[in-house]
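> Sequence first, predicted coordinates after that:
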Amino acid sequence: MSTDGAYRVSGGCLCARVRFELAAPPEVAGYCHCTRCQRRTGTGSAVSVFVDPAAVHWQRGEELIRCWKPADGMHKCFCGECGAHLLSRSPDGSRMALRMGAFDSDPGIRPSYRQFVAYAASWEPIPDDGLPRYAEARPRDGT
Ligand SMILES: [Zn+2]
Ligand SMILES: [Zn+2]
């Protein structure tokens with residue numbers, strides 16, 4: 001997706017030491033019900049938006065970002081000061097997903113799928129919101 005120079009949405013962590021600006025509209029957003037998202041957030045699911053990594057500009061605090069790097073899957077990154085989850089990214093940096101709760105204002109996209117529902121928390125029914133549900137990871141074109 002190209003940037004027209006007008007799209008700007010800012011965000012950051014809980015303690016505000018880490019701040020970023022997204023300079024291009026997100027690509028796709030969705031809920032993840034996997035066990036890792038449950039563990040890292042302490043909730044039943046997490047919602048993230050995939051973005052062009054080149055469109056994310058760190059205004060301050062990038063050096064405070066810490067990442068949990070599992071042997072498989074994307075790195076889970078958070079503010080090392082306050083623990084707020086900010087993003088996940090592929091080990092090679094080519095793919096990045098920002099946590100929707102990190103935005104200051106509406107990023108202009110809505111979640112369009114639910115993935116890893118086979119692992120959904122037993123104590124929280126999945127909302128009947130009509131979104132497509134995938135037992136495992138959301139299928140992606142060309143991968
Ligand atoms: Zn912080
Ligand atoms: Zn997940």
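Received the coordinates, thanks. Residues are numbered from 1 along each chain as shown. Ligands and ions are numbered 1, 2, ... in the order given.

> Around ligand 1, pick out the residues from the protein.
Cys13, Cys15, Arg17, Cys79, Glu81, Cys82 (Cβ under 5 Å from the ion). C-beta here means a position set from N, CA and C on the backbone, and glycine is covered the same way.

> how does it look with 8 Å?
12-18, 61, 64, 79-84 (Cβ under 8 Å from the ion).

> where along the protein do the helices fall?
35-41 (DSSP state H).

> which parts of it sit against ligand 2?
Cys32, His33, Cys34, Thr35, Arg36, Cys37, Gln38, Ser45, Ala46, Gln115, Phe116.

> Return the closest of those with respect to ligand 1.
Ranked by distance to ligand 1 (Cβ to the ion), those are led by Ala46 at 17.5 Å.

> Name the residues of stretch 53-69 that come out as buried.
Using 16 or more other Cβ atoms under 10 Å as the test for burial, stretch 53-69 gives Ala55, Val56, Gly61, Leu64, Ile65, Cys67.

> what does stretch 36-44 give?
Per 16+ other Cβ under 10 Å, stretch 36-44 contains these buried residues: Arg36, Cys37, Gln38, Arg40, Thr41, Gly44.

> show me where pLDDT drops low in the chain?
1-5, 141-143 (pLDDT under 70).

> now the strands for it?
9-12, 19-22, 28-32, 46-51, 56-60, 65-68, 75-79, 85-89, 96-99, 114-115 (DSSP state E).

> Can you check which of those strands gets nearest to Gly108?
Taking Cβ to Cβ, strand 9-12 is the member of the strands of the chain nearest to Gly108, at 7.4 Å.

> Tell me, how many residues neighbour Phe103?
If you count neighbours by other Cβ atoms under 10 Å, Phe103 ends up with 18.

> now Asp106
9.

> Just the buried subset of the residues of the chain next to ligand 2, please.
Counted by 16+ other Cβ under 10 Å, those give Cys32, His33, Cys34, Arg36, Cys37, Gln38, Ser45, Ala46, Gln115, Phe116 as buried.
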